[in-house]
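>>> I would like to see how this sequence folds:
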Amino acid sequence: MRRLAERVGGNLGDRALRLVDTVFVDLLPIAKDSYWGPGQVTSLALVYVWTGERDRALDQLEIVAKIPAGPAGPTYGDLKFNPCWDSLRGDPRFDKIVASLAPKD
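Numbers count the residues shown, from 1 in each chain. So this is what the prediction gives:
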């Protein structure tokens, strides 16, 4: 999937990303499917990371981090340790999102 996202994103730019947005979010919005919808938004954020669209990725993560994400949404451990998110590390927005998902005392 990553190779496809990079290839499509690199060749078609915004047009491809709008298509990805439609496939991941518009067809299964959180409002219609609160169980799997957050996972779709998280996947969209990952595609944006892979295509270098940091701000778009962070926008999506900010949305999904505010709701109970269920089994498919981002977790503290995933965002904190998964190397897929490495390019966002050090960004204050990303750090805030990770902190918001941290286990509470």
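
>>> Can you pull the poorly scored residue ranges out of this structure?
1-18, 20-24, 69-71 (pLDDT under 70).

>>> Identify the single longest helix in this structure, thanks.
helix 37-50 (DSSP state H).

>>> name the helices or strands packed onto the next helix or strand after it?
On the C-terminal side of helix 37-50, the nearest following helix or strand under DSSP states H and E is helix 54-65. Contact analysis of helix 54-65 by 3 or more C-beta pairs under 8 Å, 6 or more residues apart in numbering; DSSP states H and E lists helix 37-50, helix 92-101 as its packing neighbours. No exception for glycine: its C-beta is placed from N, CA and C like everyone else's.

>>> nearest to A65, of those?
When the helices and strands packed on helix 54-65 are ranked by proximity to A65, the top entry is helix 92-101, at 4.8 Å, counting by C-beta to C-beta.

>>> Mind giving me the packing neighbours of the closest one?
Secondary structure elements in contact with helix 92-101, counted by 3+ C-beta pairs under 8 Å, 6+ apart, are helix 54-65, helix 76-81.

>>> from those helices, which stretch is densest packed?
Of all the helices and strands packed on helix 92-101, helix 54-65 has the most neighbours on average by mean count of other C-beta atoms under 10 Å, namely a mean of 19.

>>> Which residues outside stretch 72-82 are in contact with it?
Stretch 72-82 is touched from outside by 35-36, 38-42, 45, 61, 64-65, 67, 69, 85, 94, 97-98, 101-103, with contacts defined as C-beta atoms under 8 Å, 6 or more residues apart in numbering.

>>> same thing but at 7 Å, please
Contact with stretch 72-82 is made by 36, 38-39, 42, 61, 64-65, 85, 97-98, 101-103, as judged by C-beta atoms under 7 Å, 6 or more residues apart in numbering.
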